[in-house]
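Chemist: next come a sequence and a model predicted from it.
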Amino acid sequence: MNFALPLVAILRGLDPADAGAVGRVLFHAGWRLLEVPLNRPGALDAIRILVEMAPPDAIVGGGTMLSVADVDAVAQAGGRLFVSPNCNPAVIAHARAAGMLCAPGIATPTEAFAALDAGAHALKLFPAESIGPAGLKAMKSVLPADTPLWPVGGVTPEQIPAWKAAGATGAGIGSQLFTPGVTPDDLAARARAFVGAWRG
């Protein structure tokens, strides 16, 4: 699971009318993992639009996916990315069986191993603010060496070096990147700042 840019754009509250413009900015900036959380109106329509315009190497899907029904709905919209804030082995296994890239939320080693046993491809460390780089480093020491670890929650470009030094292999970026109503120019600037921080 190697991505040139292993950062997930979390597009909470994305209006389907804005999905095309947002997608163009992010894809042009090199982002290839886009997540639209399901707990806002229009999420599935936004996913459909992003899927239709995505480059061949991009993966678009849903976030805040809490149930088997959520997995099925995102799959029907063409989504291939499963992200959740929690560790529900049955839902993870269902998403894995549906052919999705699975990144469930975990906050403890117990949850981490349960998620991996259920078929998770990557682990979303959430909320990253409370786990911190030290917590990630400690968790990495007991997990399989090749486990992708993606902190999510409050990650800024300035914090990226500390997370990488602790062993993060990617990250999920929400309101520091996208907020409803952000202009294309501002979104492009934020997107470039994260790309530069990760590659720097």
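Modeler: Yep, it's here.
Chemist: over to G63: give its phi and psi.
Modeler: Dihedral pair for G63: phi -120, psi 170, per degrees, to the nearest 10.
Chemist: how about the contacts made by P127?
Modeler: A107, V152, G153, G154 (Cβ atoms under 8 Å, 6 or more residues apart in numbering). No exception for glycine: its C-beta is placed from N, CA and C like everyone else's.
Chemist: ok, it to P85 distance?
Modeler: 9 Å (Cβ to Cβ, to the nearest Å).
Chemist: before we move on, what about Q159?
Modeler: 20 Å.
Chemist: how far does the longest helix belonging to the chain sit from the chain's center?
Modeler: Across the chain, the longest stretch assigned as helix under DSSP state H is helix 184-199. Chain-centre distance of helix 184-199: 16 Å, with Cα atoms, centre = their mean, to the nearest Å.
Chemist: check which residues of it are buried.
Modeler: Of all the residues in helix 184-199, those buried under the rule 16 or more other Cβ atoms under 10 Å are L187, A188, R190, A191, A193, F194, V195, A197, W198.
Chemist: likewise stretch 32-39?
Modeler: R32, L33, L34, E35, V36, P37, L38.
Chemist: over to stretch 118-130?
Modeler: So, applying 16+ other Cβ under 10 Å, buried residues of stretch 118-130: A118, G119, A120, H121, A122, L123, K124, L125, F126, A128.
Chemist: what do you get for stretch 157-174?
Modeler: 157, 159-160, 163-164, 166-174.
Chemist: quick one: pLDDT of the spatially most central residue of the chain?
Modeler: What sits nearest the mean C-alpha location of the chain, by Cα atoms, centre = their mean, is V8, with 3.8 Å. We note a pLDDT of 98 for V8 in this prediction.
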